[in-house]
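A.B. asks: sequence plus predicted model, see below.
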Amino acid sequence: MSVAAEPRSLHDLGFPAVEEALESDGVSRFHAKALWRAVHRASLADLADAPFLPPLRKWLDLNVGEGKPYFLDVPELADEIPSADGLTRKFLLRLRDGQTIETVLMGYDNRHTVCVSTQAGCAMGCVFCATGQMGFARHLRPGEIIAQVHHARRALAASHPGRRLRNLVMMGMGEPLHNSDAVLASLDTISDVRGIGIGPSKIAISTVGVVPGILRLAETNSPYRLAVSLHGSTEEERSALVPASKRWSLAELIAACRRYGELTGKRIFFEWTLIEGKNDNPDTARRLAALLHGIDAHVNLIPLNPTAGYEGSSSRAGDEFQRVLLAAGIPCTFRQRRGIDVAAGCGMLKASRLQRSR
Ligand code: SAH
Ligand code: SF4
């Protein structure tokens with residue numbers, strides 16, 4: 001007895017896999033481009049009314065939909081909060097199995113950026129992070145990562161017709177390098193010029209410091225930007241905030257960053273969430289400057305969005321921290337503060353939703 005194969009997401013398929021899927025059903029691979037354009041360039045959430053040539057139309061009618069071999073990843077909007085300045089929108093999206101994830105669309109100075117999640121929850125357990133406090137549910141598939149970009153593109157087209165979404169950051173829920181295969185597969189599709197076409201240099205992968213993942217990016221000369229969340233200048237200071245630091249020590253992490261710089265010649269962005277009394281004193285800033293010596297580095301200072309038990313640094317402490325780094329020759333800026341009411345730390349919309357439903 002043959003067992004019916006599990007339905008697959010059309011969004012999970014890369015371009016060659018779309019060609020193969022058509023060809024294995026006797027449809028010319030010539031039709032792959034039209035299908036790819038509809039799904040990935042036009043960001044269509046429903047292919048029922050799209051105009052296709054008859055062979056492709058027939059294949060879609062037979063193969064795509066509930067109970068058929070393929071489905072489309074189109075998450076349901078479970079909640080949305082706009083920011084007071086109207087430039088940022090945060091979406092809570094519900095996946096097919098009921099898991100919810102956050103996606104943020106940001107627009108400043110006519111530049112639009114989407115912040116996507118790579119996992120439902122996160123296993124890394126950073127103590128100040130709402131996602132970390134929630135724990136890990138599961139990895140996202142490539143299609144579920146790509147679907148967030150399509151959701152943001154449709155929202156942008158509705159609110160600002162003609163504007164393009166040109167930047168992507170993997171700074172939503174989850175640790176991208178704990179789900180590297182799906183993340184890299186999703187980025188192949190997201191950067192494909194036949195579809196979404198976000199340039200690799202406009203894509204940033206943010207990691208808590210998964211050393212094997214950083215080395216993989218270095219050794220494959222990955223075209224994306226790398227951001228490393230540091231938050232601590234000694235093993236003790238960092239491990240107290242970032243438990244993953246016990247697995248990959250600060251020393252190992254910095255060595256991997258040096259290796260990345262040597263192999264790729266690229267700058268690394270170091271993220272530093274300023275937490276009152278934990279990592280915001282001038283001595284820490286001096287140690288950080290010494291740690292980064294010789295690395296092509298840029299430090300992004302992030303004001304903490306308060307979570308259970310943690311408060312953000314005063315702006316005086318933040319300014320002094322920045323002054324020390326700049327004086328040591330380390331480029332250092334504050335993460336965009338506007339729209340922060342909604343852009344809030346990752347996981348905070350989901351956390352507040354869970355609280356309300358209890
Ligand atoms: N897991 C990856 C990417 C997602 S978190 C990482 O840790 O880099 C993206 C960024 O948001 C990280 O730099 C993280 O430290 C920061 N962040 C998490 N919770 C925050 C909070 N409550 N306030 C400010 N930044 C926060
Ligand atoms: Fe995970 Fe990043 Fe949050 Fe740490 S800061 S728990 S790695 S999402």
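C.D. replies: Ah, there it is. Because the structure is a prediction, the values reported are computed rather than measured. Ligands and ions are numbered 1, 2, ... in the order given.

A.B. asks: so where's the stretch 201-350 of the chain uncertain?
C.D. replies: Low-confidence segments of the stretch 201-350 of the chain, defined by pLDDT under 70: 336-346.

A.B. asks: switch the cut-off to 50
C.D. replies: Scanning the stretch 201-350 of the chain for pLDDT under 50 picks out 339.

A.B. asks: contact residues of it facing ligand 1?
C.D. replies: Applying Cβ under 6 Å from any ligand atom, we find that the stretch 201-350 of the chain lies next to ligand 1 at 206-208, 229, 271, 273, 302, 304-305, 307, 345-346. The C-beta positions use only the backbone N, C-alpha and C, and glycine is treated the same way.

A.B. asks: kindly reformat those residues as CSV containing distance to Arg194 and secondary structure.
C.D. replies: Shown next, in CSV, are those (distance: Cβ to Cβ, whole Å; DSSP: H, G, I helix; E, B strand; the rest coil):
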residue, distance to Arg194, secondary structure
Ser206, 27, strand
Thr207, 28, strand
Val208, 33, coil
Ser229, 33, strand
Glu271, 32, strand
Thr273, 38, strand
Ile302, 35, strand
Leu304, 41, coil
Asn305, 38, coil
Thr307, 41, strand
Gly345, 35, coil
Cys346, 30, coil
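
A.B. asks: roughly how far out does the lengthiest helix in the chain sit from the chain middle?
C.D. replies: With secondary structure taken from DSSP state H, the chain has its longest helix at helix 142-159. Taking Cα atoms, centre = their mean, to the nearest Å, one finds helix 142-159 lying 13 Å from the centre of the chain it belongs to.

A.B. asks: and what of stretch 78-93?
C.D. replies: 17 Å.

A.B. asks: how's this structure carved up into domains?
C.D. replies: Domain ranges of the chain: 8-71, 76-357, per automatic domain parsing.

A.B. asks: need these in TSV (columns: mean neighbour count).
C.D. replies: Putting these into TSV (neighbours: other Cβ atoms under 10 Å) gives the following:
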stretch	mean neighbour count
domain 8-71	16
domain 76-357	19
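
A.B. asks: with adjacent residues omitted, what lies nearest to Cys165?
C.D. replies: Check again: residue 165 is Leu, not Cys. His112 (4.8 Å; Cβ to Cβ, 6 or more residues apart in numbering).
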